[in-house]
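Engineer: Just a sequence and a predicted model for now, questions to come.
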Amino acid sequence: MSVSPEVPVTPEVLTWARETSGWTVEQVAKKLKVAPKVVRGWESGTSPRLTQLRLLAEVFRRPLAILLLPAPPPADPLPPDFRVLPAASGNLSPKTRLAIRRATRLRSVARDLGRELGREWKSNPDLARITESPEVIAHRERDRLVVNTEQQLDWPTAQVALQAWRSAVEATGILVFQFPMPVEDARGFSLSDSKPFAITINASDAVHARVFTLFHEYGHLLLRQPGICLPGEDRAARDARSRVEMWCDRFSGALLAPRSALDVVIKQFGIQPTADRLTEFLELTSRQLKVSKQVILRRLRYLRLIHPDVYRPALADLLLQDRGAKRGGRAVPPGKKCLRQNGRLFTSLVLEARERNLIPYADVSDYLSLPLRYLDDVRSALATLAA
């Protein structure tokens, strides 16, 4: 039985690939079923065998050719870290790092394809200042998204609401991706250093949470302060990062559950958010507006419709319920999964470029992370959304 040959590699390249992918030496060693000292040896000058190098490429989710470079390539900087909770460590998991790399790459692809298609990206959201009221800015942006209370009340489920809100955001020229990440790591991140702007929400999160994160990250784009976030948590404005997160949380809540929408529900169903009917009110309003009960409760507190002594225990109960909430979703067919992950805007751009013979089919498969046999399914899913 032949043994694969050793392959000379630059140790610094292997170290770079491991660290930028979020892996420790011990984790890599366990994955490859070798001793940690073997991995350290490769990063110090010994040569791995070709089979081992291929496994490293798979683990790091990098092309094999990158591991054969003479020096580490320049890496795209990570978005600023706005995760201000003590539980959020400075480290990011391999899955989250992969999602950031993927979103950064697809945004670059979208920029290049737009140029090839002669398309100019729409104007980015108007600038907002953190000194401005998130309520006022939310009203302005909701008008810009052209979504009224009647439409929101008519959506049958939270999943339909997420798709509708996402389509509204994409109609403004912002790319919206959904990639899986550990929920405790990040619920979303945004990119706004150049056009097109992009938002990525956590496909592993609960649907209601993804809706909230979408507009939390939209708030970051308005402030021109993109970042990695864990939105929706209680926090005190201790520093600049915390103030930005609080503003984005309040903006998202105000856009999704404006006072006018709460008043419609109150008038239509005749239920006031009193202490004795708070549970019923939260259940009803969450179902009608397709947002979480936490969002409704925080809005009631922010609008001073409930007393702090009622708010605090109610929030504690909801946070306890949230720990056991169902996240993610059922497995979906490859065509729908492609559209769900990459978004209608990016997917349509890739398909248009292919139809105009600007890119080969191999690039379509690469950009959409999709076997070509499912391409007709993607086209069908797009047609259904457009209908």
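Structural biologist: Arrived safely, thanks for sending.
Engineer: where does the residue nearest in space to the middle of the chain land in three-state SS?
Structural biologist: Geometric centre of the chain, nearest residue: Ile201, 1.8 Å, by C-alpha atoms, centre = their mean. At Ile201 the chain is in strand, as set by DSSP: H, G, I helix; E, B strand; the rest coil.
Engineer: residue contacts, it?
Structural biologist: Each residue near Ile201 by C-beta atoms under 8 Å, 6 or more residues apart in numbering is listed here: 176-178, 187-188, 210, 213-214, 217. C-beta here means a position set from N, CA and C on the backbone, and glycine is covered the same way.
Engineer: Which residue ranges of the stretch 151-300 of the chain form strands?
Structural biologist: 175-179, 188-191, 198-202, 228-229 (DSSP state E, counting those that start in this stretch).
Engineer: thinking again about what came up before, quick one: which of the contacts of Ile201 is nearest Glu280?
Structural biologist: Arg210 (25.6 Å; C-beta to C-beta).
Engineer: Skipping adjacent residues, who's closest to that closest one in space?
Structural biologist: In space, and not counting its chain neighbours, Arg210 is closest to Ile201: 4.8 Å by C-beta to C-beta, 6 or more residues apart in numbering.
Engineer: And that neighbour, what's its pLDDT?
Structural biologist: Ile201 is assigned 97 on the pLDDT scale.
Engineer: For the stretch 151-300 of the chain, give me the ranges with low pLDDT.
Structural biologist: The stretch 151-300 of the chain contains residues with pLDDT under 70 at 232-238.
Engineer: Kindly recompute the last result at 80.
Structural biologist: Across the stretch 151-300 of the chain, the ranges flagged by pLDDT under 80 are 231-239.
Engineer: show me where it has helices.
Structural biologist: Using DSSP state H, counting those that start in this stretch, the helices of the stretch 151-300 of the chain run over 158-170, 207-223, 240-256, 259-269, 278-289, 293-302.
Engineer: What are the phi and psi values at the residue nearest to Phe82 when sequence neighbours are not counted?
Structural biologist: Leaving aside its sequence neighbours, Phe82 sits nearest to Gly227 (C-beta to C-beta, 6+ apart; 3.9 Å). Note on Gly227: its backbone torsions stand at phi -180, psi 180 [degrees, to the nearest 10].
Engineer: So Gly227 versus Ala57, what's the distance?
Structural biologist: 30 Å (C-beta to C-beta, to the nearest Å).
Engineer: can you check Leu320 too?
Structural biologist: For Leu320, the distance to Ala57 - C-beta to C-beta - is 43 Å.
Engineer: which one of these two has more residues nearby?
Structural biologist: Ala57 (17 against 9; other C-beta atoms under 10 Å).
Engineer: Burial check on the residue lying closest to the more buried one once chain neighbours are set aside, number of neighbours?
Structural biologist: Nearest residue to Ala57, sequence neighbours excluded (C-beta to C-beta, 6+ apart): Leu64, at 4.5 Å. Neighbour count of Leu64, defined by other C-beta under 10 Å: 13.
Engineer: my read: Val147 touches Ser167, true?
Structural biologist: No. Val147 lies out of contact with Ser167 (C-beta atoms under 8 Å); the separation is 9.7 Å.
Engineer: More neighbours: these two, which one.
Structural biologist: Val147 (19 against 16).
Engineer: can I assume the more buried one sits in a helix?
Structural biologist: No. Assignment of Val147 by three-state DSSP gives coil, placing it outside any helix.
Engineer: Start the count at 45 instead of 1 going forward.
Structural biologist: Shifting the count to begin at 45 puts that one at Val191.
Engineer: Pop out the phi and psi values for it.
Structural biologist: phi -130, psi 120.
Engineer: Can you give me every residue that contacts it?
Structural biologist: 208-209, 212.
Engineer: and what of Leu344?
Structural biologist: 306, 317, 350, 355.
Engineer: Any regions of the stretch 45-194 of the chain where pLDDT drops low?
Structural biologist: Those would be 45-47, 119-120, 127-134, 166-169, if you go by pLDDT under 80 across the stretch 45-194 of the chain.
Engineer: quick one on the thing from earlier: among the contacts of Val191, which one is most surrounded by other residues?
Structural biologist: Highest neighbour count within the contacts of Val191: Trp209, with 23 neighbours (other C-beta under 10 Å).
Engineer: what residues are up against it?
Structural biologist: 189, 191, 255, 258-259.
Engineer: Quick check, Asp366 in contact with Gln338.
Structural biologist: Yes. Taking contacts as C-beta under 8 Å, Asp366 lies within contact range of Gln338: 7.0 Å.
Engineer: Between those two, which is the more surrounded one?
Structural biologist: Between Asp366 and Gln338, Gln338 has the larger neighbour count (other C-beta under 10 Å), namely 23 against 16.
Engineer: Tell me how many other residues crowd Pro107.
Structural biologist: Around Pro107 there are 9 residues (other C-beta under 10 Å).
Engineer: Just give the nearest non-adjacent residue to it, would you?
Structural biologist: Ala101 (6.7 Å).
Engineer: again, but for Ile350
Structural biologist: In space, Ile350 is closest to Leu344, 4.6 Å off (C-beta to C-beta, 6+ apart).
Engineer: Need the contact partners of stretch 80-100.
Structural biologist: By C-beta under 8 Å, 6+ apart, stretch 80-100 touches 47-53, 55, 58-59, 61-62, 69-70, 72-73, 75-76, 78, 108, 111.
Engineer: Kindly check the end-to-end length of that stretch for me.
Structural biologist: Taking C-alpha to C-alpha, to the nearest Å, stretch 80-100 runs 14 Å from one end to the other.
Engineer: between the contacts of Trp209, which is closest to Asp170?
Structural biologist: Leu189 (12.4 Å).
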